[in-house]
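*Asks:* from the sequence below, what's the structure:
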Amino acid sequence: MLRSMIGIASLLLAIAVLNVPRGVAANNNVASRSLTACPFCSAVAMTFSDQLNSNDIAVVAKLIEIPPPSDDPNADFPKAEFEIEQVLKGKKFVGESMTFKTQLVGNYPIGQKFLVMGVDPPKVSWTTPMKATDRVFKYLSDIQTLPEKGPERLIFFQDFFEDKESVLAFDAYDEFAQAPYEDLIAMKDQMDREKIIGWINNPETSVSRRRLYFTMLGVCGKPEDTKLLEDLINSGSRKKRAGLDALIACYLTLKGEAGVDLIEKTFLEDQEVDYVDTLAAVSALRFHGTEVEVIPKKRIVVAIRHLLDRPKMADMIIPDLARWKDWSVMERLVQMFKDADSDSNWLRVPVITYLRACPKPEAKQYIEELRKIDPESVQRADFFLGVGDSDDDWDNEEEKDTETPSEEEPEKKTSEPSKSNLPISEFQSNTFASQVVRKIPLPQEPVKTSITSTFATPADALAEEIDYPITTITETQTLLIAPPEDIELVKAPAPLNPPREAFVTQGQDVTISGSESGQPTATVAAVVTPNLTWQILLIPLAFSIAIFILLWTVVNGWFERLIF
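*Replies:* A predicted model of the protein is given here:
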């Protein structure tokens, strides 16, 4: 189950990269797409600028009165009184020396200064005060004078990396994590290369910050810096390799095509390498294959093909081969589909997605051949892609109009889009549709039969339109519907997990209406029973992650910022 989840996540990530809009920037012949300044980083919280923009008022306030404790358990939470010393934002709403009351968490001495924000003046709702120093208040005042975007803005924040005021260091990191990559390249000449290398070599530097520093070194680094990066890659130490994906990407940026050999031998060819290390290498190669143009895509494709020799990881790179139009491995993938057993059947869905993307005519023939071997995997892939039957070339962006039946021909079926050669850029459409609507024509007269209709979808609800005589379902029961033998039942594609029966719950009705053809129609709303496996796995996992993050923020001094 875990292996399948990882494979699906890898496929989603690979598909998502296809839709990243392209921008232009240059640095040492590097052309980049529009991505964040650190493509391997993510902001951990709202920046101070975001908070200032989302609030009407921001002030420096001094604690002047602490309410006495109350023994009444039903009493409202007591509020402390503050006096405004400096208005950082919202001078038209509040002024200095004004007082206000708000709830205060913790014990502080009279005279302690806090950062407090508010919304909805004139009756202001104040946020929980955040203890801060004069440096923080000056920082908040200065950032309001910066341009909204551009390299000049980032130049200001880079001076606060590893600042002794942790709240400022975190805010500077978050600003870089959400800034455009072009801005990072544009500030190349303002980067302190020696300081960045020092932070990389510091064993106390956090993993997230190392990723940012490796990305910056990839912009401002020199060829001689590759020796340091090679030593880190070859060290085998988890601590020295922290942020491995960004480390490899930085190394390849500075070394170029010649650096791919080391990555191949160290992480791709060796089948004993840890999965997480190989995944980091693939992420770095994917970055170079989709976001920047330093290494020819053909060389990257040759490198990642090595993972086809590692069946447990092959599914991770099959979407990349399709995105980069490497159709040379089609026959090999078809054979891998045929050879897959119960322990490696996760390969089958990515193989079908690859064949759907392939423009070669034999790809469609292979799909039909594989459908006979494992129809469920083909159906599952079709549902994941949200496709019908189409012969369009996968990178043809023109949309073809589907034929619609005329009013004179009510029984003429609407042509469906074909399933073959779907553009990969459309992989995400309808991937997790919340509803599936299917129409099943039934005869005028009721047919008494007992064939159970089983629906399979990851959605919360399933709507089905059925031509059937008037009836109403008010009790919890399995929905039994059987079309006549000459009518083809259109089944919902199989989900990523084994299907479960759909039940009509009490109170859900079958509504009858007349169709244009004169036949009565019924709309049945059936709720799909949730997949208990996902609940058992994800609910405890989410709870554990939340507890871990809370404890970690307290230990690292983030708590004050988080509650703010």
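
*Asks:* going forward, measure contacts and count neighbours with C-alpha atoms only.
*Replies:* Will do.

*Asks:* now Ser141: how far from Ile536?
*Replies:* Noted for Ser141: a distance of 48 Å to Ile536, by CA to CA, to the nearest Å.

*Asks:* give me the more crowded residue out of these two.
*Replies:* Neighbour totals were compared for Ser141 and Ile536, and Ser141 leads with 14 against 10 (other CA atoms under 10 Å).

*Asks:* so the more buried one sits right up against Leu115, yeah?
*Replies:* No: counting by CA atoms under 8 Å, Ser141 sits too far from Leu115 to count as a contact (11.8 Å).

*Asks:* residues shared between the contacts of these two?
*Replies:* Shared contacts of Ser141 and Leu115 (CA atoms under 8 Å, 6 or more residues apart in numbering): none.

*Asks:* got a list of what the residue nearest to Ser208 when sequence neighbours are not counted touches?
*Replies:* The shortest distance from Ser208 to any non-neighbouring residue, by CA to CA, 6 or more residues apart in numbering, is to Cys41 (6.4 Å). Contact analysis of Cys41 by CA under 8 Å, 6+ apart lists Ala177, Ser208, Arg211, Leu212.

*Asks:* closest one to Pro147 out of those, please.
*Replies:* Among those, Ala177 lies closest to Pro147 (CA to CA), at 17.1 Å.

*Asks:* my guess is the closest one contacts Ala45. True?
*Replies:* No: contact criterion CA under 8 Å: Ala177 and Ala45 do not qualify, at 10.4 Å.

*Asks:* who's more crowded, these two?
*Replies:* Higher neighbour count among Ala177 and Ala45: Ala177, with 23 against 13, using other CA under 10 Å.

*Asks:* measure that one to Asp142 for me?
*Replies:* Applying CA to CA to Ala177 and Asp142 gives a distance of 20 Å.

*Asks:* now for Ile155, how many residues are close by?
*Replies:* 17.

*Asks:* and if you look at Pro203?
*Replies:* 13.

*Asks:* where does it fall, phi/psi-wise?
*Replies:* Phi and psi for Pro203, reported as degrees, to the nearest 10, are phi -70, psi -20.

*Asks:* so it sits right up against Ala242, yeah?
*Replies:* No: the pair Pro203 / Ala242 is not scored as a contact, 9.5 Å apart, by CA under 8 Å.

*Asks:* wait, is Trp199 part of a helix?
*Replies:* Yes: assessed with DSSP: H, G, I helix; E, B strand; the rest coil, Trp199 lies in a helix.

*Asks:* with adjacent residues omitted, what lies nearest to it?
*Replies:* Thr205 (6.5 Å).

*Asks:* didn't that neighbour look like it was pressed against Ile196?
*Replies:* No: in terms of CA under 8 Å, Thr205 does not count as a neighbour of Ile196; the distance is 11.0 Å.

*Asks:* looking at the two, which is more packed in?
*Replies:* Each of Thr205 and Ile196 has its neighbours counted (other CA under 10 Å); Ile196 has more, 20 against 15.

*Asks:* domains in this structure, as residue ranges please.
*Replies:* 2-18+26-43+146-324, 48-143, 325-399+416-431, 436-530, 534-563 (automatic domain parsing).

*Asks:* then whichever strand or helix holds Ile248 to PDB, C-alphas only?
*Replies:* Using DSSP states H and E, Ile248 sits in helix 244-255. Output of helix 244-255 as PDB, limited to C-alpha atoms (Å, rounded to 0.1, in the frame of the first residue of the first chain):
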ATOM      1  CA  LEU A 244      20.500  16.200  -1.400                       C
ATOM      2  CA  ASP A 245      18.100  17.100  -4.100                       C
ATOM      3  CA  ALA A 246      19.200  20.800  -4.100                       C
ATOM      4  CA  LEU A 247      22.800  19.700  -3.700                       C
ATOM      5  CA  ILE A 248      22.700  17.600  -6.800                       C
ATOM      6  CA  ALA A 249      20.900  20.300  -8.800                       C
ATOM      7  CA  CYS A 250      23.500  22.800  -7.800                       C
ATOM      8  CA  TYR A 251      26.300  20.500  -8.700                       C
ATOM      9  CA  LEU A 252      24.800  19.800 -12.200                       C
ATOM     10  CA  THR A 253      24.200  23.500 -12.700                       C
ATOM     11  CA  LEU A 254      27.900  24.300 -12.200                       C
ATOM     12  CA  LYS A 255      29.300  21.100 -13.700                       C
END
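
*Asks:* what ranges do the helices span in the stretch 51-200 of the chain?
*Replies:* 134-143, 151-158, 166-177, 181-186, 193-201 (DSSP state H, counting those that start in this stretch).

*Asks:* and the ones you listed, which one's lowest on average pLDDT?
*Replies:* Mean pLDDT values for those show the minimum at helix 181-186, a mean of 89.

*Asks:* which elements pack onto it?
*Replies:* Helix 181-186 sits against helix 151-158, helix 207-220, with contacts defined as 3 or more CA pairs under 8 Å, 6 or more residues apart in numbering; DSSP states H and E.

*Asks:* quick revisit: let me know the closest of the contacts of Cys41 to Ser166.
*Replies:* Ser208 (14.3 Å).

*Asks:* while we're on the closest one, how confident is the model there?
*Replies:* pLDDT, read off for Ser208, is 90.

*Asks:* can you check Asp245 too?
*Replies:* Per the predicted model, pLDDT is 94 at Asp245.

*Asks:* again, but for the one 10 residues further on
*Replies:* pLDDT, Lys255: 95.

*Asks:* again with Pro73
*Replies:* Reported pLDDT for Pro73: 74.

*Asks:* one more: Asp270?
*Replies:* The confidence metric pLDDT takes the value 86 at Asp270.

*Asks:* over to Ile440?
*Replies:* Reported pLDDT for Ile440: 33.

*Asks:* name the residues of stretch 272-280 that are buried.
*Replies:* Residues of stretch 272-280 classed as buried by neighbour count (16 or more other CA atoms under 10 Å): Asp277, Thr278, Leu279, Ala280.

*Asks:* helix/strand/coil for the last one?
*Replies:* What it means is Ala280. For Ala280, the assignment made with three-state DSSP gives helix.

*Asks:* now do the same contact list for it.
*Replies:* Leu244, Asp245, Ile248.

*Asks:* and which of those residues is nearest to Phe337?
*Replies:* Among the contacts of Ala280, and counting by CA to CA, the member closest to Phe337 is Asp245, at 29.7 Å.

*Asks:* I'd like to know which helix or strand in the chain has the lowest mean pLDDT.
*Replies:* Within the chain, no helix or strand scores below strand 437-440, which has a mean of 32 by mean pLDDT, DSSP states H and E.
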